[in-house]
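K.L.:
Any chance you could fold what I've pasted below:
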Amino acid sequence: MDYVLGLAKNERLKAEITAELHQAAAEYQRTGQAARVFKGFVYQTRESWAHARRVIAKAEHLEKGANPRFVVTSLPSQDWAARALYEDLYCARGEMENRIKEQLMLFSDRTSTAFLRSNQIRLYFSAVAYLLMQALRRLGLQGTELAKAQCTTLRLKLLKIGALMRITVRKVWVSLASGYPYQKLFRQVYAQLQAVPLRC
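P.N.:
So this is what the prediction gives:
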């Protein structure tokens, strides 16, 4: 079994990437943008590890200053370069965690009734809401600024809109507020959803 795990920073680890931290700081001073430099090296703790292991360091400099991070892995360097291992493999777990948190944003943690069936139906509703949000993100938000937005952001910007409803004999009129700040985005999402072919 292979692993990629976050490693708590310490003075020995930071000393290994002194040059990279200076390089990232210089790049930040030059561009004013966050700068990252990656380095792979072999490291062993003084007591707790039985043998040396491969460590990937991210020497990052942000507006607030240096932000070094470390991961330890069993994956060999010929299969995974330092940057790719950190950004593509290790950081992907953060995206996965965000998807898990999204389910809580859709109230999947609301199982407060005294009966199993009512709690189960709440979980079903939450799961369906999550699937609908995923479909909205995949089909309606592709190519927009909200393509990777979390469910709470989508709910606030696209779904919780004040509207006036007027019902006549033949039609239901929905008038959205003219002051709605995301009209252009709403129209784009609406057009993209209309273009999706219906499957029965």
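
K.L.:
next one: phi and psi at the residue located most distally from the centre of the chain?
P.N.:
Centroid-distance maximum for the chain: residue 169 at 46.0 Å, with C-alpha atoms, centre = their mean. Backbone torsions of residue 169, given as degrees, to the nearest 10, read phi -60, psi -40.

K.L.:
before we move on, what about residue 197?
P.N.:
Backbone torsions of residue 197, given as degrees, to the nearest 10, read phi -70, psi 140.

K.L.:
Report how many residues lie close to it.
P.N.:
Taking other C-beta atoms under 10 Å as the criterion, the count of residues near residue 197 is 4. Bear in mind the C-beta positions are built from the backbone N, C-alpha and C, glycine included.

K.L.:
Contacts made by stretch 81-88 with the rest, please.
P.N.:
Outside stretch 81-88, the residues that touch it by C-beta atoms under 8 Å, 6 or more residues apart in numbering are 4, 38, 39, 40, 56, 57, 58, 69, 71, 73, 75.

K.L.:
Restricted to buried residues, select these in ChimeraX.
P.N.:
Buried residues among the contacts of stretch 81-88 (16 or more other C-beta atoms under 10 Å), as a ChimeraX selection:
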select :4,38,39,40,56,57,58,69,71,73
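
K.L.:
and residue 109, that's in a helix?
P.N.:
No - read with DSSP: H, G, I helix; E, B strand; the rest coil, residue 109 is coil and lies in no helix.

K.L.:
how about residue 139, what does it touch?
P.N.:
Shown in contact with residue 139 (C-beta under 8 Å, 6+ apart): 192, 193, 196.

K.L.:
my guess is it is in a strand, correct?
P.N.:
No - under three-state DSSP, residue 139 falls outside any strand and is assigned helix.

K.L.:
Quick check: it vs residue 171, distance?
P.N.:
Residue 139 is 26 Å from residue 171, where distance means C-beta to C-beta, to the nearest Å.

K.L.:
Which secondary structure elements does the helix or strand residue 187 falls within sit against?
P.N.:
In the assignment (DSSP states H and E), residue 187 maps to helix 183-194. For helix 183-194, not one helix or strand is in contact under the criterion 3 or more C-beta pairs under 8 Å, 6 or more residues apart in numbering; DSSP states H and E.

K.L.:
Mind listing what's buried along it?
P.N.:
Across helix 183-194, burial judged by 16+ other C-beta under 10 Å covers 185, 186, 188, 189, 192.
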